[in-house]
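Trainee: below are the sequence and a predicted model for it; my questions follow.
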Amino acid sequence: METGYRGFDRAEALRYAGWRGGPATEDMERALDRCEVLLGQNARPRTVWRLFDLTAEGALAGTDFRPTGQDIRRHLAGCGQVILMGATLGAEADALLRRTQAADMALALVLDGCAGAAVERVCDGLCADLAAAFAPRRLTDRFSPGYGDMPLSQQEALCRVLDVGRRIGVGLTAGGLMIPQKSVTALIGVSDGPVGERRSCESCGMRENCEIRKAGGRCGGK
């Protein structure tokens with residue numbers, strides 16, 4: 001489903017861009033303004049989701065996808081169903097990044113951070129819509145392959161089951177990275193009762209080695 005462009009959180013964009021200068025300077029604010037215009041003109045956000053029953057063995061019913069890792073097992077504790085979701089800014093945003101890299105590398109670094117924050121906002125919007133649609137049932141935070149001890153290699157199975165290539169135009173490299181770059185997939189647990197612990201740096205098994213955390217950011221788990 002194509003959605004409207006939702007903008008981005010500027011503080012989050014600065015973290016993704018690797019900004020270490022404290023509050024944004026006037027020059028940085030102008031760069032953020034420029035990126036807001038460029039992404040508004042070029043990004044074509046799309047989202048997709050599907051609901052599955054969760055079997056006693058921890059697999060998604062009717063598929064061969066069984067999320068692995070202690071972290072995702074804890075995350076889905078008490079959930080009888082799982083939502084698979086995907087979101088992307090589209091190939092148009094990738095093309096914009098390439099053009100900007102060729103013309104102005106400094107602006108491209110800021111744009112990359114803004115695009116990362118923008119796809120997170122698309123995810124936030126989808127999650128808010130899902131929470132409203134499933135109420136009064138409760139949803140967990142989203143959890144993506146590569147978070148904690150869930151292998152990034154599970155991205156392939158998730159993308160295949162969700163059919164992201166056909167439905168929102170997202171593919172995978174041989175290394176499991178998504179194309180377009182500014183794309184996200186995740187699992188969300190659905191429960192009739194209280195959900196498990198909220199995702200945080202403190203609950204993540206990779207917290208001691210996480211480069212994003214060392215830089216003052218977060219990986220995107222909500």
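Mentor: Thanks, I have the structure now.
Trainee: now the phi/psi pair for A132, please.
Mentor: Here is the backbone geometry of A132 (degrees, to the nearest 10): phi -70, psi -40.
Trainee: got phi/psi on the spatially most central residue of the chain?
Mentor: Central residue of the chain (C-alpha atoms, centre = their mean): V184, 3.6 Å from the mean position. V184 adopts backbone torsions of phi -140, psi 140, taken as degrees, to the nearest 10.
Trainee: would you map the helices across this protein?
Mentor: Using DSSP state H, the helices found in the chain span residues 10-16, 26-42, 70-75, 91-103, 105-134, 155-162, 164-168, 211-214.
Trainee: any chance of TSV for those helices, columns mean pLDDT, mean neighbour count and distance to V195?
Mentor: All C-beta atoms are positioned from the backbone trio N, CA, C, and that covers glycine. Below are the helices of the chain laid out as TSV (pLDDT from 0 to 100; neighbours: other C-beta atoms under 10 Å; distance: least, C-beta to C-beta, whole Å):
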stretch	mean pLDDT	mean neighbour count	distance to V195
helix 10-16	94	20	24
helix 26-42	96	16	32
helix 70-75	95	18	9
helix 91-103	97	16	32
helix 105-134	97	19	11
helix 155-162	96	18	20
helix 164-168	97	17	25
helix 211-214	45	12	23
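Trainee: nearest to V48, of the ones you listed?
Mentor: Closest approach to V48 among those (C-beta to C-beta): helix 164-168, 4.5 Å.
Trainee: list the contacts of that closest one.
Mentor: Helix 164-168 has contacts (C-beta atoms under 8 Å, 6 or more residues apart in numbering) with M1, R46, T47, V48, G86, A87, T88, C159, V170, G171, S183, T185.
Trainee: please, a PyMOL command that selects the buried ones among those residues?
Mentor: Only the buried entries of those go into this PyMOL selection, using 16 or more other C-beta atoms under 10 Å:
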select buried, resi 46+47+48+86+87+88+159+170+183+185
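Trainee: so which of the contacts of helix 164-168 belong to strands?
Mentor: Of the contacts of helix 164-168, the ones assigned to strands by DSSP state E are R46, T47, V48, G86, A87, T88, G171, S183, T185.
Trainee: which pair in those residues spans the largest distance?
Mentor: Maximum pairwise distance among those (C-beta to C-beta): 16.5 Å, between T47 and G171.
Trainee: I'd say V110 and D27 touch.
Mentor: No. Counting by C-beta atoms under 8 Å, V110 stays clear of D27, with 10.0 Å between them.
Trainee: okay then, goodbye and thanks.
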